[in-house]
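A.B. asks: Here's a sequence, model it:
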Amino acid sequence: QVQLRESGGGLVQAGGSLRLSCAASGASSSKNGMGWFRQAPGGEREFVAAINYNSLYKYYGDSVKGRFTISRDGAKNTMYLQMNNLKPEDTAVYYCASGLVTSRQSRNYDYWGQGTQVTVSS
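C.D. replies: Have a look, this model is predicted:
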C-alpha cells in the first residue's frame, strides 16, 4: 500500500507561481512512477505531468509544457510540481498519483492523494 499526501496549493494571481509537493510513504513507493493530474469543476481529470522512478523520464501535458516542471527527491520520497506563469485556466484540484508504470493515463495509476486546490485569479 502507498499513501500520498499533497500540499502547497492555494490562491495566486495570474502570472504567479506555486510549488506543489506530494509526499509518498509505503512499500516500494520510491520505485514507482508518479504523476500529477488535475480536475476543474465539471471537467474530466486531465494529465499534467509524470516522472519515472529515477527522474530519467519526464512527460508533460501540452497545456503546461514550458511553464510547469516536475521533479522528485528520492531521499525524501517526495515529488514536486513547480508551476510558473499560472493562468486562470490552471484552476483545479491537483492530484498526485503513484503506480508501477509512468503514464499519461490516469487508469494506469494505483494510488492517489486526496488533492490540493489551486486557484488562479485574473
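A.B. asks: Could you list the low-pLDDT ranges of this structure?
C.D. replies: 28 (pLDDT under 70).
A.B. asks: Please enumerate the strands of it.
C.D. replies: Counting by DSSP state E, the chain has strands at residues 2-7, 10-13, 18-26, 33-39, 46-51, 58-60, 68-73, 78-83, 92-99, 111-112, 116-121.
A.B. asks: So which elements touch the last one?
C.D. replies: What that stands for is strand 116-121. Helices and strands touching strand 116-121, by 3 or more C-beta pairs under 8 Å, 6 or more residues apart in numbering; DSSP states H and E, are strand 10-13, strand 18-26, strand 92-99. Any C-beta I mention is one placed from the backbone N, CA and C, and that applies to glycine too.
A.B. asks: Q39: which of those is closest?
C.D. replies: strand 92-99 (5.4 Å; C-beta to C-beta).
A.B. asks: okay if I get the helices and strands packed on strand 116-121 as TSV plus mean neighbour count?
C.D. replies: Formatted as TSV, the helices and strands packed on strand 116-121 follow (neighbours: other C-beta atoms under 10 Å):
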stretch	mean neighbour count
strand 10-13	13
strand 18-26	18
strand 92-99	23
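A.B. asks: possible to save those strands as JSON lines with distance to N32?
C.D. replies: Listed next are the helices and strands packed on strand 116-121 as JSON lines, based on distance: least, C-beta to C-beta, whole Å:
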{"stretch": "strand 10-13", "distance to N32": "27"}
{"stretch": "strand 18-26", "distance to N32": "8"}
{"stretch": "strand 92-99", "distance to N32": "5"}
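A.B. asks: Could you report the separation of the residue nearest the centre of the chain from S122?
C.D. replies: A centroid search over the chain (C-alpha atoms, centre = their mean) returns W36, at 2.5 Å, as the residue closest to the centre. Distance of W36 to S122, computed by C-beta to C-beta, to the nearest Å: 23 Å.
A.B. asks: same question, G33
C.D. replies: 34 Å.
A.B. asks: ditto for G99
C.D. replies: Counting by C-beta to C-beta - G99 and S122 are separated by 35 Å.
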